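Peer 1: Would you be able to build a 3D model of this:
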Amino acid sequence: MSLHRLLLLLALASPAAYAADDGWPDARPSESAFDPVPLKALDARLSDGRLKQLTSVMAVQRGQPVYERYFNGADAQTLHDVRSATKSVTALLAGAAIDRGLLPGVQDRVYDRFPEFTAAHRVDPRLRATTLADLLTMSSLWECDDENPFSSGNEERMYVTERWLDFALALPVKGYAPWMRKPADSPHGRAFAYCTAGSFVVGAVVERATGQPLSEFAAQALERPLGIVRSQWNRSPEGIGMGGGGTRYRTRDLAKFGQLVVDQGRWQGKQVISASYIAAMTSVQAQANDESEYGYQWWRMHFQVGGRDVAAWAMSGNGGNYVFVVPERQLVVTITSSAYNQRDGHTQSREIFRELLAALR
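Peer 2: Numbering: from 1, shown residues only. Here you go, the predicted structure:
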């Protein structure tokens, strides 16, 4: 046995490398999934200490962990703040509520869930028609764009208010400058604008529909069925679960969300989220930018590997936090990083994923 293979086996078998009884099967040697030559080069680069804010990389293929590394003081028990990757979990919770009949579907009208607001505020009829699907696809008519510091709905404006829900529901109707693409002229009939306030309201809708705090419904409907025993959810100042960001999970638990997509909503043979909802969630619903499409709070990103395009669905969060899923290759890759608000955080993680794709047998 080569020294490199021995080190990989020891790392995968180390008590610090996994959480006992977390539901994953025993890891198999990474060489069975990856070409060892490019994998060795990647492994050396990841381990040389230069990527200061990288905290973990884990790959699962065909339902089995095949590669798992922790860096910069993190280990298998570390709860990683995955920022906006939380949005993808919130989308799964919306699906769980629909599956249970607590929400009628993604066409549920958002403002109807908050009669105390509509009784006290005049709401433009166009906004009264806002649906859960509009929020899940980042294509509501709210003037809300986190990429625009001047936007009325920019998330930083919400964070300094006392009542986040009122902030979001009171947002004005979006206008379209001559150079902006209107919904009717946009791919899939939706004009995309990244809006954390909308994701927060999705979480609030789930709370209203289920009668439970978001964290409790998450534990009941998603986390416990997946064998997730530790997580951390944030709340807004008025006590509503923050479905838009900041949730903390262990690396191996994050990978379970990706495996749900690969297995069409099943975990270890049990249907956790309906296959129909997973299919809709990971269908292209909007064009996010020139490089990516969007489903229900899941990104569809593209990677050039060996001269061909490989599309991956992804949970994505500030700092370079990702769960990548390539269903046709039965591949899930989780990357955590604390490079928050740094330009190269996302670039670094995407390149690691591309290299793993290139090494995949």
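Peer 1: what's the neighbour count on residue 173?
Peer 2: The local packing of residue 173 (other Cβ atoms under 10 Å) involves 12 other residues. The way it works is simple: take the backbone N, C-alpha and C, and place the C-beta from them, glycine included.
Peer 1: before we move on, what about residue 331?
Peer 2: 23.
Peer 1: Show me what it bridges to in the sheet.
Peer 2: For residue 331, the beta-bridge partners under DSSP bridges are residue 61, residue 326.
Peer 1: List the buried residues of stretch 301-309.
Peer 2: 301, 303 (16 or more other Cβ atoms under 10 Å).
Peer 1: Only alpha carbons, please: show it as CSV.
Peer 2: The C-alpha trace of stretch 301-309 is given here as CSV (Å, rounded to 0.1, in the frame of the first residue of the first chain):
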residue,chain,number,x,y,z
MET,A,301,-23.9,26.6,-11.7
HIS,A,302,-21.7,25.6,-14.6
PHE,A,303,-18.2,24.3,-14.7
GLN,A,304,-15.9,23.5,-17.6
VAL,A,305,-14.3,20.2,-17.1
GLY,A,306,-12.4,18.5,-19.9
GLY,A,307,-13.9,20.7,-22.5
ARG,A,308,-17.5,20.1,-21.5
ASP,A,309,-20.0,21.8,-19.4
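Peer 1: Centre of the chain to it, how far?
Peer 2: 21 Å (Cα atoms, centre = their mean, to the nearest Å).
Peer 1: contacts for it?
Peer 2: Here stretch 301-309 makes contact (Cβ atoms under 8 Å, 6 or more residues apart in numbering) with 291-292, 310-314, 324, 350, 353-354, 357-358.
Peer 1: one more time with 7 Å, if that's ok
Peer 2: 291, 292, 310, 311, 312, 314, 354, 357, 358 (Cβ atoms under 7 Å, 6 or more residues apart in numbering).
Peer 1: Any quick PyMOL command for the buried ones out of those residues?
Peer 2: Here is the PyMOL command that picks out the buried ones among the contacts of stretch 301-309, judged by 16+ other Cβ under 10 Å:
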select buried, resi 292+310+312+314+354+357+358
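Peer 1: Tell me, how many residues neighbour the closest residue to residue 239 other than its chain neighbours?
Peer 2: Spatial nearest neighbour of residue 239, chain neighbours left out: residue 213 (8.0 Å); criterion: Cβ to Cβ, 6 or more residues apart in numbering. Residue 213 has 17 neighbouring residues, counting by other Cβ under 10 Å.
Peer 1: just checking, residue 213 touches residue 241?
Peer 2: Yes - counting by Cβ atoms under 7 Å, residue 213 touches residue 241, with 5.7 Å between them.
Peer 1: Mutual contacts of these two, please.
Peer 2: With Cβ under 7 Å, 6+ apart, residue 213 and residue 241 have common neighbours residue 207.
Peer 1: just to revisit the earlier point, now, which of the contacts of stretch 301-309 lie within helices?
Peer 2: Mapping the contacts of stretch 301-309 onto helices (DSSP state H) picks out 354, 357, 358.
Peer 1: Helices of the protein, start to end?
Peer 2: Along the chain, counting by DSSP H, helices occupy 3-13, 36-47, 86-99, 115-120, 125-128, 132-136, 155-159, 164-169, 196-210, 214-218, 251-262, 275-281, 344-359.
Peer 1: Pick out the shakiest of these, pLDDT-wise.
Peer 2: Lowest mean pLDDT within the helices of the chain: helix 3-13, a mean of 37.
Peer 1: still on that earlier bit, will you turn the helices of the chain into CSV that also has distance to residue 187?
Peer 2: Formatted as CSV, the helices of the chain follow (distance: least, Cβ to Cβ, whole Å):
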stretch, distance to residue 187
helix 3-13, 42
helix 36-47, 35
helix 86-99, 20
helix 115-120, 32
helix 125-128, 21
helix 132-136, 16
helix 155-159, 25
helix 164-169, 26
helix 196-210, 19
helix 214-218, 31
helix 251-262, 22
helix 275-281, 17
helix 344-359, 22
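Peer 1: Tell me which of these sits nearest to residue 60.
Peer 2: Between residue 60 and the helices of the chain, the tightest spacing by Cβ to Cβ is seen for helix 251-262, at 5.4 Å.
Peer 1: any idea how far residue 38 is from the residue nearest to residue 33 when sequence neighbours are not counted?
Peer 2: Of all residues not flanking residue 33 in the chain, residue 66 sits nearest, at 4.1 Å (Cβ to Cβ, 6+ apart). According to Cβ to Cβ, to the nearest Å, residue 66 and residue 38 sit 14 Å apart.
Peer 1: can you check residue 97 too?
Peer 2: 43 Å.
Peer 1: Which residues are in contact with the nearest residue to residue 39 once chain neighbours are set aside?
Peer 2: Take residue 39 and drop its neighbours on the chain: the residue closest to it by Cβ to Cβ, 6+ apart is residue 359, 4.7 Å away. Residue 359 is in contact with 34, 35, 38, 39, 42, counting by Cβ under 7 Å, 6+ apart.
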